[in-house]
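> Dropping a prediction and its sequence here:
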Amino acid sequence: MVEQKITVTNRAGIHARPAAILVQKVNKFKSTIYIEKDKDRINAKSIMGVITLGAGYGTELTIKAEGEDEVQAVEAMIRLFESKFEED
């Protein structure tokens, strides 16, 4: 299992557009991928889960992946967050 903490740095947070981009990206991987916020844990392959997580600007999240391509999956997600979902 690979685990990485990340902070939401795009001003609008994870709303519908970034959630859709994230879900499209992670669905390309075979691994099981979760995003955790506080005590909430959602499947990163579920757009409704990602949106309902309510991750606003400055929110710290934990990404967890398990499977044959877990490292690549987490790296891809980190790149999305670091690029601020190309919004800023």
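Received, thanks.
> For Glu86, see how far away the residue of the chain most remote from its centre is.
The C-alpha centroid of the chain is most remote from Glu68, which lies 18.2 Å away (CA atoms, centre = their mean). Going from Glu68 to Glu86 by CB to CB, to the nearest Å gives 28 Å. Quick note: C-beta positions are derived from backbone N, CA and C, even for glycine.
> same question, Gly58
19 Å.
> Could I get the CA-only coordinates of the lengthiest helix in the chain as CSV?
In the chain, with assignment by DSSP state H, the single longest helix is helix 70-82. Listed next in CSV are the C-alpha coordinates belonging to helix 70-82 (Å, rounded to 0.1, in the frame of the first residue of the first chain):
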residue,chain,number,x,y,z
GLU,A,70,-0.3,1.8,-6.8
VAL,A,71,2.8,3.9,-7.1
GLN,A,72,1.9,5.2,-10.6
ALA,A,73,-1.7,5.9,-9.4
VAL,A,74,-0.6,8.0,-6.4
GLU,A,75,2.0,9.9,-8.5
ALA,A,76,-0.6,10.7,-11.1
MET,A,77,-2.9,12.1,-8.4
ILE,A,78,-0.2,14.1,-6.8
ARG,A,79,0.6,15.7,-10.2
LEU,A,80,-3.1,16.7,-10.6
PHE,A,81,-3.2,18.3,-7.2
GLU,A,82,0.1,20.1,-7.8
